[in-house]
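Asker: just need the structure, nothing else, for what follows:
(one chain, ligands or ions: 1)
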Amino acid sequence: MITSCRFVLVALAAAWIILLSTPAQAALISESQEVAIGQETAAEVEREYRVYTDLTMNERLNRVAGPLLNVAERKLAWRFRILDDAQMNALAVPGGFIYTTRGLMEQMPDRELAFVLAHEIQHVEKRHSIRQLEASLYRQVGLAAALQLLTGGRISQGTANTIALANMVVANRYTQDMEREADSDGIRMMARAGLDPHGAVDALKTLQRNNKSSMPKFLNSLVGTHPLNQDRIRHAEELAGSLAVNAAPVPDSQLPPTDSLREAQVMLALESGPSALNPDPDLMRLALDMQAAPPSESRLEENQGVLVWNFPDTLTEKQVNSGLIDQEMPRVLGSRTFQRYGVSMVQLPEGRRRVVLLVR
Ligand SMILES: [Zn+2]
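Answerer: Okay, the predicted model is just below:
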């Protein structure tokens, strides 16, 4: 008893020292905890808004995101999705889940879209939501209780703790400093990626003209309650002008298709195939959960409407299309009656990808 008390005290003292010595870097929340909280938050976003699966639009989103991801510092399973909403907005969720709206995709050219994505990616790269979450935890429950909450495997998909933390992420609002940092580092990221950073200035002007949008529940969205001020535009102009860049148009590139794009292809096939299905937010959430805790390592498993399909990274898009979309899915979907689906795709550590498909 005495030993364990002493151990806890030593652990707390050590944590204090870490927190006090490097306040800017002190991370109460680990990367895997961040991903679990992010998945829970992403599920919440997708319960609120329908995911838009138009393939051309998803191809464009992934094409514009590609050069930015090449220069991203954090190695996360980045995923880009479009929300079916006519207003212009965008949202970043911890762990690398980036959302834009259909309205933003329709109204912004590539060079402006590139800035919005770079800005949102920077919120994740700099752990803005997670830093706010750490600060609120510390403020609300104190360090000891926060450490207790975060240790012992209590942060994993679907647990009450994780849901509570995801709700805190949803209800947070970035500080003005965080917005400035996402602007500046987003503009620098564009330059590093070989994209014209002046696209940022145009994007901010477009957003200033269209600042009526809101995602009432998600306070950290790009266009929120406070209008974009002239300072942000002036700062973007100065910074973009100071950066030397071999500006190239966004390439229509031979970049390998990302998981988001493949996922959009699968979703489109499910909605337009011979036995068209409807997306279901609860099944989407379950499919997302299963990325972290997959039910099986097998190549294809059919068990009460759960299908897991693993394929090597080296498979070409054509092989994925003909194997998964043209053969496996129609075979399974054709044999029984299903109405609804949820799907998710993730990159596995060993150079493989996994599709989780749920049908009911
Ligand atoms: Zn922002």
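
Asker: which residues of the chain fall in strands?
Answerer: For the chain, the strands defined by DSSP state E cover 51-52, 79-83, 90-93, 97-101, 278-279, 306-312, 340-348, 352-359.

Asker: worst average pLDDT in these?
Answerer: Mean pLDDT is lowest for strand 306-312 among the strands of the chain, at a mean of 76.

Asker: out of the strands of the chain, flag the one nearest the ion.
Answerer: Across these, the ion has its closest neighbour in strand 90-93 (7.5 Å, CB to the ion). Where C-beta positions appear, they are placed from N, C-alpha and C, glycine not excepted.

Asker: which residue, neighbours along the chain excluded, lies closest to the residue in the stretch 251-360 of the chain that the ion sits nearest to?
Answerer: Relative to the ion, the nearest point of the stretch 251-360 of the chain is residue 260 (20.1 Å; CB to the ion). Closest residue to residue 260 apart from its sequence neighbours, by CB to CB, 6 or more residues apart in numbering: residue 80 at 4.4 Å.

Asker: low-confidence bits of the stretch 1-150 of the chain, can you list those?
Answerer: For the stretch 1-150 of the chain, the stretches flagged by pLDDT under 70 are 1-26.

Asker: what about 90?
Answerer: 1-28, 30, 32, 47, 53, 55, 59, 75, 77, 135-150 (pLDDT under 90).

Asker: hmm, residue 38 is touching residue 94, no?
Answerer: Yes. Between residue 38 and residue 94 there is a contact at 4.0 Å, judged by CB atoms under 8 Å.

Asker: who has more neighbours, these two?
Answerer: Neighbour count, other CB atoms under 10 Å: between residue 38 and residue 94, residue 94 has more, with 29 against 26.

Asker: next, give phi and psi for the more buried one.
Answerer: phi -50, psi 150 (degrees, to the nearest 10).

Asker: list the contacts of the residue of the stretch 201-350 of the chain found nearest the ion.
Answerer: Minimum separation of the stretch 201-350 of the chain from the ion (CB to the ion) falls at residue 222, amounting to 5.5 Å. Residue 222 makes contact with 89-91, 116, 119-120, 207, according to CB atoms under 8 Å, 6 or more residues apart in numbering.

Asker: backbone dihedrals for it, both of them.
Answerer: Taking degrees, to the nearest 10, you get phi -60, psi -50 for the backbone angles of residue 222.

Asker: residues contacting residue 311?
Answerer: Contact criterion CB under 8 Å, 6+ apart gives 299, 320, 323-324, 352-355 as the residues in contact with residue 311.

Asker: switch the cut-off to 6 Å
Answerer: residue 353 (CB atoms under 6 Å, 6 or more residues apart in numbering).

Asker: one more: residue 122?
Answerer: 182, 185-186.

Asker: for the nearest residue to residue 348 once chain neighbours are set aside, what are its contacts?
Answerer: Excluding the flanking residues, the one nearest residue 348 by CB to CB, 6+ apart is residue 354, at 5.5 Å. Contact partners of residue 354, counting by CB under 6 Å, 6+ apart, are 310, 346, 348.

Asker: can you list the residues of the chain near the ion?
Answerer: Remark: the part of the chain in contact with the ion comprises 179, 182, using CB under 5 Å from the ion.

Asker: so which residues of the chain form helices?
Answerer: Taking DSSP state H as the test, the helices found in the chain are 2-21, 31-48, 55-70, 102-107, 110-125, 128-150, 160-171, 176-192, 199-209, 230-242, 259-272, 281-292, 317-320, 329-335.

Asker: report all helices and strands that the second one contacts.
Answerer: In terms of contacts (3 or more CB pairs under 6 Å, 6 or more residues apart in numbering; DSSP states H and E), helix 31-48 is packed against strand 90-93, helix 160-171, helix 281-292.
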